[in-house]
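# predicted model, plus sequence, below.
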Amino acid sequence: MPSLGAARLYVGDDWQRVVAGLAEESALVIFRPGKTQGFWWEVQHAVAHCDPRRVFLYLPKQDRGRTYASFRRRAAEFFPHPLPLKVGKATFLAFGPEWQPRLLGRGGPSSDASMRWFLGGRAPAVREALNLALGPLGFNAKPMPLHWKEWVGICVLVVLFFQCCCGVLAGLNAR
């Protein structure tokens, strides 16, 4: 049975050729800090062959501590400019035309994206941070539409708010 989640591609010993071909065809290359030799080969390949403006490092909250520090130390071998010492609340590390690093979403998600996280997931905050870099690259940078879970959460909040208002009014009328 295939795993749930994103589409996966399983390849044999020629994986480097396959990865190189995918990187060449891709509009964006997004990494998440890793440790394997294969991961570092992919980073080295991206630095040598990809447009830096189309390469991003995803920084989920759980990777912003030791994982990023370890990645940053090893990345000095591959990137022409040092990566930021600290990433704070940034969601992505993006690059300029000469591989100058810059953090996206430095202040963390907006209140709208934070509320949407409470209602259903992290995707809106991720999209919000990516939108900062996608527009200049010619992508349609737009907010994510509401997911059905978010609609349900909004409906529940509206009903609860309405019930609270009715309870307050009933309390005032009882006096």
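It's in.
# the strands in this protein, which residues?
Residue ranges of the strands in the chain, as given by DSSP state E, are 29-31, 55-58, 92-95, 101-104.
# okay, these, which one's buried deepest?
Looking across the strands of the chain with neighbours counted as mean count of other CB atoms under 10 Å, the highest average goes to strand 92-95: a mean of 22. For the C-beta atoms, the positions are set from N, CA and C on the backbone; glycine is no exception.
# pull up the pairing partners for that one, direction included.
Strand 92-95 pairs in its sheet with strand 55-58 (antiparallel), strand 101-104 (antiparallel), by DSSP bridges.
# roughly how far out does that strand sit from the chain middle?
On the basis of CA atoms, centre = their mean, to the nearest Å, strand 92-95 is displaced by 10 Å from the centre of the chain it belongs to.
# kindly list the longest helix within the protein.
Assignment by DSSP state H gives helix 148-174 as the longest helix of the chain.
# follow-up on the earlier one: dump the strands paired with strand 92-95 into TSV; add mean pLDDT and distance to Ala46 as well.
Formatted as TSV, the entries for those read as follows, by pLDDT from 0 to 100; distance: least, CB to CB, whole Å:
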stretch	mean pLDDT	distance to Ala46
strand 55-58	93	5
strand 101-104	91	14
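# okay if I get those strands as a markdown table plus distance to Gly21?
Listed next are the strands paired with strand 92-95 as a markdown table, based on distance: least, CB to CB, whole Å:
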| stretch | distance to Gly21 |
| --- | --- |
| strand 55-58 | 16 |
| strand 101-104 | 26 |
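# out of these, which comes closest to Asp13?
Distances from Asp13 to each of the strands paired with strand 92-95 were compared using CB to CB; the shortest belongs to strand 55-58, at 25.6 Å.
# alpha carbons of the closest one, as CSV, please.
As requested, C-alpha coordinates have been extracted for strand 55-58 and formatted as CSV (Å, rounded to 0.1, in the frame of the first residue of the first chain):
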residue,chain,number,x,y,z
VAL,A,55,15.4,27.2,-3.9
PHE,A,56,13.9,27.3,-0.4
LEU,A,57,14.7,25.7,2.9
TYR,A,58,11.5,24.9,4.9
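# what's it in contact with?
For strand 55-58, contacts defined as CB atoms under 8 Å, 6 or more residues apart in numbering pick out 28-33, 46-47, 71, 91-95, 104, 126, 130, 133.
# before we move on, the earlier item: out of the strands paired with strand 92-95, which comes closest to Gly138?
Shortest distance between Gly138 and the strands paired with strand 92-95, using CB to CB, is found for strand 55-58: 15.4 Å.
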